[in-house]
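when you get a sec, could you give me coordinates for this:
(one chain, ligands or ions: 2)
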Amino acid sequence: MTKPERDPYTGLMTTGHEWNGIKELKTPIPRPVKFFLALTILVSVLFWVLFPTWPYGSGYTKGILNIDQRQLVAEDLSRSAALRASWEEKFSTTDLAALEADADAMTFVRSHGARLFKDNCAACHGTDAAGGPGFPSLVDDQWLWGGESETILETLKVGINTRHEDTRNAEMLAFGDQGLLDADQIRALTSYVVSLSRADELSEKSVAQLPQGKELFAENCASCHGETGKGLRDVGAPNLTDDYWIYGGDVDTIRATLRHGRKGVMPFWDQRLNEADLRLLTLYVRDIGAQTK
Ligand code: HEC
Ligand code: HEC
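Numbers count the residues shown, from 1 in each chain. Ligands and ions are numbered 1, 2, ... in the order given. You can find the predicted model right below:
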């Protein structure tokens, strides 16, 4: 330690600290730094005064603005619960047909239903509900079980091929794997199924198989798909005469369907979504179908 003295080069005083002849200048803190330091102190004091900050034994300082985040969240929650209760009541008790005729209700269906659909259904049926291989489109007017609102609601509640005690059951038998039909018969039936929707595509050889295919169809398939192949909604058997296919209408896919069978699973929702949500989704599914038809 030496006595502070004025440094002849910079004109500043030294601190009096010295190491091996090197002396430390007493450089003042730059003004901007001082300014910001003062500002942060000011802001923090302001913060203490305005908002809840300091804990003490049995509580904390509340601040003069009296803002309480916990209370704000609680208010938010009760506001949205009230909002939900207002439509939940309406959607779980009003007749579906009446709701469908109610423009305000349907506006709500289009916004809230779209959200519910994205969260719960889009993974399988697609965000546009147009389906994909194995997952039926919900926007056409081809229904496995029916497009009436009560039917759709029931499908949503119990699912298809699920563990639900009232599940809808829909099974296309594995005719090939179970030895019910041989390869020849399956070939003839495949040609026949193709002929139901696209007869012009068949080769001469396939056309020759049609009488056999027709007979086999009447014996093995008509009980579920109907005599003309237009499907039966009671058993969820699809129409085979249109150009819409769940699994695919090309020869290879039809043959695979006949050999190995099909048993698509649609989950049941009555334990995951409440009545209002299910009815809202039913209306949503009918609405998107009506708009894209
Ligand atoms: C895990 C995939 C999956 C999810 C998730 C799913 N579905 Fe399905 N859904 C299917 C399958 C597969 C079928 C057809 C079952 C069959 O092949 O018989 C189906 C059938 C349907 C049908 C019957 C269609 C008809 O033609 O009769 C409706 C309606 C339906 N789904 C609506 C919904 C709605 C609404 C949701 C959301 C709450 C949903 N699905 C969620 C897989 C799913
Ligand atoms: C026990 C009833 C039943 C019988 C019998 C039956 N089917 Fe099916 N079939 C179904 C059901 C249900 C589906 C839909 C399965 C699914 O969606 O998972 C289906 C689906 C199909 C499909 C797929 C359609 C698509 O859109 O991809 C074809 C093709 C088909 N059946 C042809 C036949 C032929 C040909 C026979 C006769 C050999 C036959 N089925 C007999 C119930 C039956």
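
could you find the closest non-adjacent residue to the residue of the stretch 151-293 of the chain found nearest ligand 1?
Of all residues in the stretch 151-293 of the chain, Gly264 sits closest to ligand 1, at 2.5 Å by C-beta to the nearest ligand atom. Any C-beta I mention is one placed from the backbone N, CA and C, and that applies to glycine too. The shortest distance from Gly264 to any non-neighbouring residue, by C-beta to C-beta, 6 or more residues apart in numbering, is to Gly134 (6.1 Å).

cool, and Asp287?
What sits nearest to Asp287 in space, not counting adjacent residues and going by C-beta to C-beta, 6+ apart, is Val109, at 6.1 Å.

ok, Leu240 next?
Using C-beta to C-beta, 6+ apart, the nearest residue to Leu240 is Gly229, at 4.3 Å.

wait, what's in contact with the residue of the stretch 151-293 of the chain closest to ligand 1?
Contacts for Gly264 were tallied using C-beta atoms under 8 Å, 6 or more residues apart in numbering; they are Gly134, Phe135, Pro136, Ile160, Asn161, Ala170, Ile246.

equivalent analysis for Lys214, please.
When contacts are counted by C-beta under 8 Å, 6+ apart, Lys214 is found next to Tyr192.

so what strands line up beside the helix or strand of the chain with the lowest mean pLDDT?
Every helix and strand in the chain was compared by mean pLDDT, DSSP states H and E; the lowest is strand 59-60, with a mean of 87. The strands beside strand 59-60 in its sheet (DSSP bridges) come out as strand 55-56 (antiparallel).

what mean pLDDT does the partner strand get?
For strand 55-56, the mean pLDDT works out to 90.

what of stretch 233-247?
With pLDDT averaged residue by residue, stretch 233-247 scores 93.

now Asn239. Nearest residue, chain neighbours left out?
The spatially closest residue to Asn239, leaving aside those adjacent along the chain, is Gly231, at 3.8 Å (C-beta to C-beta, 6+ apart).

distance of that neighbour from ligand 2?
Distance of Gly231 to ligand 2, computed by C-beta to the nearest ligand atom, to the nearest Å: 8 Å.

give me the neighbour count for Ile64.
9 (other C-beta atoms under 10 Å).

for it, which three-state class applies?
Following DSSP: H, G, I helix; E, B strand; the rest coil, the label given to Ile64 is coil.

tell me the contacts of the residue of the stretch 1-150 of the chain found nearest ligand 2?
Distances from the stretch 1-150 of the chain to ligand 2, computed as C-beta to the nearest ligand atom, single out Leu144 as the nearest residue at 6.5 Å. Remark: with contacts taken as C-beta under 8 Å, 6+ apart, Leu144 is in contact with Pro136, Ile160, Ala170, Gly231, Arg233, Gly236, Ala237, Pro238, Ile246.

which residues touch the helix or strand just after the least confident helix or strand of the chain?
Later in the chain than strand 59-60, the nearest helix or strand by DSSP states H and E is helix 69-93. When contacts are taken as C-beta under 8 Å, 6+ apart, the neighbours of helix 69-93 outside the stretch itself are Leu99, Ala105, Phe108, His112, Asn274, Glu275, Ala276, Arg279, Leu280.

over to stretch 41-60?
Thr61, Lys62, Gly63, Ile64, Leu65, Ile67, Asp68.

spatially nearest residue to the third one (excluding sequence neighbours)?
Nearest residue to Gly63 in three dimensions, chain neighbours excluded: Phe51, at 4.2 Å (C-beta to C-beta, 6+ apart).

what is the burial count for that neighbour?
For Phe51, the tally of surrounding residues (other C-beta under 10 Å) stands at 16.

over to Tyr247?
Residues within reach of Tyr247, counting by other C-beta under 10 Å, total 17.

that one reaches Phe135, doesn't it?
No: using C-beta atoms under 8 Å, Tyr247 is not in contact with Phe135, being 9.8 Å away.

for beta bridges, what are the partners of Arg6?
For Arg6, the beta-bridge assignment (DSSP bridges) gives partners Met13.

distance check, it against Ala85.
Shown here: Arg6 relative to Ala85, a distance of 80 Å by C-beta to C-beta, to the nearest Å.

how about Val45?
As defined by C-beta to C-beta, Val45 lies at a distance of 44 Å from Ala85.

now Asp242
When distance is defined by C-beta to C-beta, Asp242 is 44 Å away from Ala85.

around ligand 1, pick out the residues from the stretch 151-293 of the chain.
Residues of the stretch 151-293 of the chain lying close to ligand 1 (C-beta under 6 Å from any ligand atom) are 152, 155-156, 160, 170, 236, 246, 264-267, 269, 281, 285.

appreciated, that's everything.
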